[in-house]
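Student: this is the structure alone, sequence omitted:
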């Protein structure tokens, strides 16, 4: 859809949120973004329309006004005016609300509306997540392992308690012979899944947490200590440099190739309609594609092939003077 859809009653709003109005679009995007407008014309509405024009490639935009807006606001506990985003497959936080906005803040809100609260880290969502300029809290796990499944539930609770809004939570599949395992091997000398790693790109610090049993209370205390600078880093990251010596290639490109292959396999079920992978967050819109290329050039992620044949994969510390993200 090229622009915001004017929704005139509660039934249309309900179907828009489901991704079924004015025509089915739920296979194209996991989210719907709705403006609850207080007036016929306003600065907020004009900003919303500008942003929707630029970002309709990744989600659907709709708006309501007058009595319908007031009614919808009451149903969802939102204010008028406000922008409400609905993520249909995010069970942890299916609704997000923005009460005041500029063009920049609304753009960021829209871009994050297609990403889960605790997403799987992929090449598709990495540029958007990295642009938050927050430390990453990463859960490395084996999705098939019962202990990892329990740890993921605890990790999700950790992300949802509201105490750590200044970090980005995500998880990585680190089973044997996966790219996630190679990444994890650069953060620690030995690891047993599941394991939590905090990566602060700005400071170049890595903190690892690997208890026998992941308990919420203990993990809250540990993470709070890390963010309060009360813990010593487990490891320091290398600086990103353009053109490191020796042969090299970007693991971002490799990750992207893996994800594209996965998407092609999914979309082969239907050549006419794209299919959304529930584990795949984000859409490579033009700006995200640009950020993706910047990440590759800055070597935020890279693989170096050493002379002895050993491959090192790591998230490196970024030098601010080289790239601003």
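Tutor: Arrived safely, thanks for sending. For clarity, every value in this text was computed on a predicted model and none was experimentally measured.
Student: and stretch 92-108, how far from the chain's centre?
Tutor: When distances are taken as Cα atoms, centre = their mean, to the nearest Å, stretch 92-108 is centred 14 Å away from the chain's centroid.
Student: with stretch 199-214 instead?
Tutor: Worked out by Cα atoms, centre = their mean, stretch 199-214 lies 19 Å from the chain centre.
Student: and that stretch, which residues are buried?
Tutor: 199-201, 204-210, 214 (16 or more other Cβ atoms under 10 Å). Where C-beta positions appear, they are placed from N, C-alpha and C, glycine not excepted.
Student: could you give me the buried positions within stretch 68-78?
Tutor: Buried residues in stretch 68-78, counted by 16+ other Cβ under 10 Å: 68-69, 72-73, 78.
Student: nearest to residue 175 among the buried residues of stretch 199-214?
Tutor: Nearest to residue 175 out of those is residue 210 (Cβ to Cβ; 16.5 Å).
Student: per the annotation, how does the chain divide into domains?
Tutor: Using automatic domain parsing, the domains assigned to the chain come out as 5-112, 117-325.
Student: mean pLDDT lowest for which of those?
Tutor: In terms of mean pLDDT, the lowest-scoring of the domains of the chain is domain 117-325 (a mean of 73).
Student: which strand or helix spans residue 14?
Tutor: Residue 14 belongs to helix 10-18 when elements are defined using DSSP states H and E.
Student: which elements pack onto that helix?
Tutor: Secondary-structure packing of helix 10-18 (3 or more Cβ pairs under 8 Å, 6 or more residues apart in numbering; DSSP states H and E): strand 31-37, strand 60-65, helix 66-76.
Student: one step back: between all of the buried residues of stretch 199-214, which two are separated the most?
Tutor: Maximum distance among the buried residues of stretch 199-214 (Cβ to Cβ): 25.8 Å, for 204 and 214.
Student: helices of the stretch 151-300 of the chain, residue ranges please.
Tutor: Along the stretch 151-300 of the chain, the stretches classed as helices by DSSP state H, counting those that start in this stretch are 179-187, 216-227, 251-267, 286-298.
Student: what's the separation between residue 233 and residue 141?
Tutor: Distance of residue 233 to residue 141, given as Cβ to Cβ, to the nearest Å: 22 Å.
Student: got it, and residue 27?
Tutor: Using Cβ to Cβ, we find residue 27 at a distance of 28 Å from residue 141.
Student: the more surrounded of the two?
Tutor: residue 141 (23 against 12; other Cβ atoms under 10 Å).
Student: could you pull up the residues touching the more buried one?
Tutor: Residues near residue 141 by Cβ atoms under 8 Å, 6 or more residues apart in numbering: 148, 151-152, 171-174, 193-195.
Student: cool, residue 220 as well?
Tutor: For residue 220, the contacting residues are 158, 161, 163, by Cβ under 8 Å, 6+ apart.
Student: strands along the chain, start to end?
Tutor: Secondary structure of the chain by DSSP state E: the strands cover 5-6, 31-37, 60-65, 82-87, 95-98, 136-141, 168-173, 195-200, 205-209, 235-236, 248-249, 301-305, 311-315.
Student: can I get the ones you listed in CSV with distance to residue 22?
Tutor: As requested, the strands of the chain are exported to CSV (distance: least, Cβ to Cβ, whole Å):
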stretch, distance to residue 22
strand 5-6, 6
strand 31-37, 12
strand 60-65, 9
strand 82-87, 16
strand 95-98, 21
strand 136-141, 38
strand 168-173, 34
strand 195-200, 43
strand 205-209, 48
strand 235-236, 52
strand 248-249, 45
strand 301-305, 40
strand 311-315, 43
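Student: among those strands, which comes closest to residue 125?
Tutor: Among those, the nearest to residue 125 by Cβ to Cβ is strand 168-173 (8.0 Å).
Student: the closest residue to residue 48 other than its chain neighbours: neighbouring residues, count only.
Tutor: For residue 48, ignoring the flanking residues on the chain, the nearest one in space by Cβ to Cβ, 6 or more residues apart in numbering is residue 35 at 4.8 Å. Under the neighbour criterion other Cβ under 10 Å, residue 35 is assigned a count of 28.
Student: ditto for residue 126
Tutor: Residue 126 has 25 neighbours, counted by other Cβ under 10 Å.
Student: circling back: now neighbour count too, for the contacts of residue 141, in a markdown table please.
Tutor: Output for the contacts of residue 141, formatted as a markdown table (neighbours: other Cβ atoms under 10 Å):
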| residue | neighbour count |
| --- | --- |
| 148 | 23 |
| 151 | 24 |
| 152 | 18 |
| 171 | 25 |
| 172 | 20 |
| 173 | 19 |
| 174 | 24 |
| 193 | 21 |
| 194 | 24 |
| 195 | 22 |
